[in-house]
Each structure stands twice: as C-alpha cells, then as structure tokens.
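[1] structure for the following, please:
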Amino acid sequence: MKVGIIRCQQTEDLCPGTTCIKCASSGKLAFENVGPSDIVGIISCGGCPGKRAIPRAKMLVDRGAEVIALASCIFKGTPIGFPCPHAEQMKKAIVNKVGENIQVLDYTH
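    Predicted structure coming up:
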C-alpha cells in the first residue's frame, strides 16, 4: 500500500516521525491491516485548527496515497501528551474530501 501521513505541526520540533515511518514500512501497529507500506509523503496539519490538513490529504492522494494516516500525535497526543481537540472534525473533513475509498487511520503507533 501507499500511505500519506499527516502529523501535528506542534510536534515537529519534538519528533522526527521515525516511529511513524518504521510502523508504516513494516506494517506494524496501526498498519497491521494495511500491511507494509510505502510512504508517499509526510506533512503537517498546517497548525491549529487543522484546516490545511484537508487539502493536504487530497494532495497526498493525488500523489498516490491509498491510505491517509493521522499520526499518533493528533489523536493520542504522543509525544507531547496533548491530543488535538480538532482531531475528529479534521478526520471527518478529510474523509469528506478524499472519499470513502481512501482509508483514514486514527493513529500510527
């Protein structure tokens, strides 16, 4: 599978995305049902309230992503311990934009 990862902009200074990359590449944790995946891109949500995540998800799909993974920093708050208060709304808007044929994962690890 080909996956695009969207991460929280606030965690970029704290996390290089290494665990997200490892999980996607090996098909572990959130990617167990997806299998080992090639990453077509990793991009931030664009900052609060995450409105830029919607066109960015579409851009990842246009570049070949079959799955969009919202990194664990968004729904789980990893590593800063603060989940995004806009996560559900962001996910719904992404699904609306890219269509239901594109799987959207709530986390990566």
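[2] what segments of this structure are strands?
    2-7, 38-44, 67-70, 103-105 (DSSP state E).
[3] skipping adjacent residues, who's closest to the most centrally placed residue in the chain in space?
    Nearest to the mean C-alpha position of the chain, by CA atoms, centre = their mean, lies L70 at 2.4 Å. Excluding the flanking residues, the one nearest L70 by CB to CB, 6 or more residues apart in numbering is I6, at 5.5 Å. Placement of C-beta: from N, CA and C, glycine included.
[4] from H86, how far off is the residue nearest to the centre of the chain?
    11 Å (CB to CB, to the nearest Å).
[5] in the chain, which helix is the longest?
    helix 87-98 (DSSP state H).
[6] can you give me how far that helix is from the chain middle?
    Distance of helix 87-98 from the chain centroid (CA atoms, centre = their mean, to the nearest Å) equals 11 Å.
[7] just the mean pLDDT for it, thanks.
    Averaging pLDDT along helix 87-98 gives 97.
[8] okay if I get the strands of the chain as JSON lines plus distance to K22 and mean pLDDT?
    Formatted as JSON lines, the strands of the chain follow (distance: least, CB to CB, whole Å; pLDDT from 0 to 100):
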{"stretch": "strand 2-7", "distance to K22": "12", "mean pLDDT": "98"}
{"stretch": "strand 38-44", "distance to K22": "11", "mean pLDDT": "97"}
{"stretch": "strand 67-70", "distance to K22": "13", "mean pLDDT": "98"}
{"stretch": "strand 103-105", "distance to K22": "15", "mean pLDDT": "97"}
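[9] need these in JSON lines (columns: distance to K97).
    Shown next, in JSON lines, are the strands of the chain (distance: least, CB to CB, whole Å):
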{"stretch": "strand 2-7", "distance to K97": "12"}
{"stretch": "strand 38-44", "distance to K97": "14"}
{"stretch": "strand 67-70", "distance to K97": "10"}
{"stretch": "strand 103-105", "distance to K97": "10"}
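[10] for R52, which of the ones you listed is the nearest?
    R52 sits nearest to strand 38-44 of all these, at 8.0 Å, using CB to CB.
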